[in-house]
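S.K.: need coordinates for the below:
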Amino acid sequence: MPRISFEDMKAQFKHVLIKKGCDEGTADLSAQLMTETSCDGVYSHGVNRFARVVEYIDKGYIDLKAKPTKVEGIGGFERWNGNLGLGNVNARLAMDRAIELARLHGIGCVALGNTNHWLRGGSYGWQAADAGCVGICWTNTQPNMPAWGARDRRIGNNPFIMAVPRQGGHVVVDIAMAQFSYGQMENKALHGEMLSVPGGYDAQGQLSCDPGEIAKTGRVLPIGYWKGSALSIVLDLVATVLSGGRSTSNIGKLGSDEYSMSQMFITLDANRIAGEDYLSSAVNEVLDNLHDSELVDPRQAVLYPGENSLAIRNTNLSNGIPVDDGVWAKIQSL
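M.R.: Residues are numbered from 1 along each chain as shown. Sure thing, here's the model as predicted:
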């Protein structure tokens, strides 16, 4: 695959967004976030998804002129309306506001309704950690996963993120409630690869590692089976109730496309609450213990969540970001 420099990829994203009617500042921020996502190796939610973002702009689901607006607030909690603006920009601004509230109250929470796909949710965990905060955020989705024991899709894979700040590399968990996100499966299918473990069911009702076969049925597997199913339901309920936005069920009533979602952004000012010295020593003690694990495979280290992202980022900054020929050609044609 060809490799595209960070600067060239961002410039292409920004060019297309401006061409579609986005102001320069918003286009620059959105393009930066998408390029960072790709640079960190999450191609499924960066470069591989850009064409769909443009498709949603053309369909009118994404309003490039819209900005999020505050609806109401109580202490460290605020409810905002995303007004169907660019999802990653809305999420960035919501996490910024949650961080500001945490500076005032120790804890900040922003519930964001009527927004669009935020692309890589981990971006906002990294954002909170960069500010010295513990970050917690999640989103609901369209109905794209069967509840445990069901065949039809009525719950979402509802990605969930937690981040802990650490000098030398933050600890960031970014997981969907499905064993694999649809973006990950699309990326595997694009390259003709199998999943490392079963990710759903094929047409015969058998667990499968073939992303193409799973895509045909839509029967993706919840993480932890019934546990992931339960978490999906609760995450959807909390985001819906607190944001005043749409539930996964109601998003499904809009049609087959995914927009007008509900999201949560929670921050705690870890530096202020724990103190920088204790925060650093406590986190490093846990990670040092983790790294001392007895390995199953001596060639495969045990990593903390987010540890591999820094290595991928540095490689891609040096060598360029790998992009499928067809994906890049389509982006250039937009």
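
S.K.: what residue ranges in the protein are flagged as low confidence?
M.R.: Scanning the chain for pLDDT under 70 picks out nothing.

S.K.: quickly list the domain ranges of it.
M.R.: For the chain, automatic domain parsing gives the domain ranges 1-59+310-334, 65-175+226-292, 179-221.

S.K.: out of the ones you listed, nearest to residue 301?
M.R.: Minimum separation from residue 301 across the domains of the chain (CB to CB) falls at domain 65-175+226-292, 7.6 Å. All C-beta atoms are positioned from the backbone trio N, CA, C, and that covers glycine.

S.K.: and the end-to-end length of the closest one?
M.R.: The first and final residues of domain 65-175+226-292 sit 51 Å from each other (CA to CA, to the nearest Å).

S.K.: same check, this time on stretch 297-310
M.R.: End-to-end distance for stretch 297-310: 22 Å, by CA to CA.

S.K.: three-state assignment of residue 245?
M.R.: Under the three-state scheme (DSSP: H, G, I helix; E, B strand; the rest coil), residue 245 adopts coil.

S.K.: the residue lying closest to it once chain neighbours are set aside is in what secondary structure piece?
M.R.: Spatial nearest neighbour of residue 245, excluding adjacent residues (CB to CB, 6 or more residues apart in numbering): residue 113 at 2.5 Å. Element membership of residue 113 [criterion: DSSP states H and E] is strand 107-115.

S.K.: put the alpha carbons of that strand into PDB.
M.R.: Taking Å, rounded to 0.1, in the frame of the first residue of the first chain, the C-alpha atoms of strand 107-115 are listed here in PDB:
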ATOM      1  CA  ILE A 107     -15.700  16.700  38.000                       C
ATOM      2  CA  GLY A 108     -17.300  17.700  34.800                       C
ATOM      3  CA  CYS A 109     -20.000  16.100  32.700                       C
ATOM      4  CA  VAL A 110     -21.400  17.000  29.300                       C
ATOM      5  CA  ALA A 111     -24.300  15.100  27.800                       C
ATOM      6  CA  LEU A 112     -24.500  15.800  24.100                       C
ATOM      7  CA  GLY A 113     -27.600  14.900  22.000                       C
ATOM      8  CA  ASN A 114     -28.400  15.200  18.300                       C
ATOM      9  CA  THR A 115     -24.900  14.800  17.200                       C
END
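
S.K.: and the helix or strand just after it, what's buried?
M.R.: Scanning forward in sequence from strand 107-115 by DSSP H and E, the next helix or strand is helix 122-130. The neighbour-count check on helix 122-130 (16 or more other CB atoms under 10 Å) flags 122-129 as buried.

S.K.: what's helix 122-130 packed up against?
M.R.: helix 24-39, helix 87-105, strand 134-139, strand 160-164, strand 171-175 (3 or more CB pairs under 8 Å, 6 or more residues apart in numbering; DSSP states H and E).

S.K.: quick one, strands of this structure?
M.R.: For the chain, the strands defined by DSSP state E cover 3-4, 69-74, 77-81, 107-115, 134-139, 145-146, 153-155, 160-164, 171-175, 200-201, 207-208, 261-268, 321-322.

S.K.: give me the distance between the longest one and the centre of its chain.
M.R.: What it means is strand 107-115. Strand 107-115 sits 15 Å away from the centroid of its parent chain (CA atoms, centre = their mean, to the nearest Å).
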